[in-house]
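Student: coordinates only, no sequence provided:
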């Protein structure tokens, strides 16, 4: 899954941002006569309020971090299952050809614990072939 690029322009929780937006809306309602002089009428204020409500409906930081942790746990579990399957096959290969033979080394499973995710996937594909 491709990582989403998300660059925030603020460094505080979403709840604080939402509260600041609502606070500014209240100030704008209070000083609406002054805002209309600058072309910021009630319709633009309603549009800003609608954007704030949409922002509030988005998942907050804790939910997103939790989703990310769940996905990472699934990835680690899948990697462990793949390593277990590769080791099972390589045990059989070692019994048939010896672990010092060229046929065994052709599988490229040395240092499997140090492989990155991409290297592990290619190793799994190589073992299947």
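Tutor: Okay, I see it. Since this is a predicted model, take the numbers as computed values, not measurements.
Student: buried residues in the lowest-mean-pLDDT helix or strand in the chain?
Tutor: Least confident helix or strand of the chain, by mean pLDDT, DSSP states H and E, is helix 102-106 with a mean of 85. Residues residue 104 are the ones in helix 102-106 that count as buried (16 or more other Cβ atoms under 10 Å). Backbone N, C-alpha and C define where each C-beta goes, glycine included.
Student: counting by contacts, list what that helix packs against.
Tutor: Helices and strands touching helix 102-106, by 3 or more Cβ pairs under 8 Å, 6 or more residues apart in numbering; DSSP states H and E, are helix 61-97.
Student: packing partners for the helix it packs on?
Tutor: Using 3+ Cβ pairs under 8 Å, 6+ apart, helix 61-97 sits against helix 102-106, helix 117-128.
Student: separation between the residue nearest the centre of the chain and residue 61?
Tutor: Closest to where the C-alpha atoms of the chain average out (Cα atoms, centre = their mean) is residue 68, at 4.9 Å. Distance, residue 68 to residue 61, by Cβ to Cβ, to the nearest Å: 11 Å.
Student: try residue 50
Tutor: For residue 50, the distance to residue 61 equals 22 Å [Cβ to Cβ].
Student: report the secondary structure element holding residue 11.
Tutor: Residue 11 belongs to no helix or strand when assigned by DSSP states H and E.
Student: can you give the domain ranges for the protein?
Tutor: 9-58, 60-129 (automatic domain parsing).
Student: hmm, who's touching the least confident helix or strand of the chain?
Tutor: 90, 93-94, 97-98 (Cβ atoms under 8 Å, 6 or more residues apart in numbering).
Student: out of these, which end up buried?
Tutor: Buried among those (16+ other Cβ under 10 Å): 90, 93.
Student: looking at the helices and strands packed on helix 61-97, which is closest to residue 83?
Tutor: Each of these has some distance to residue 83 by Cβ to Cβ; the shortest is helix 117-128, at 7.2 Å.
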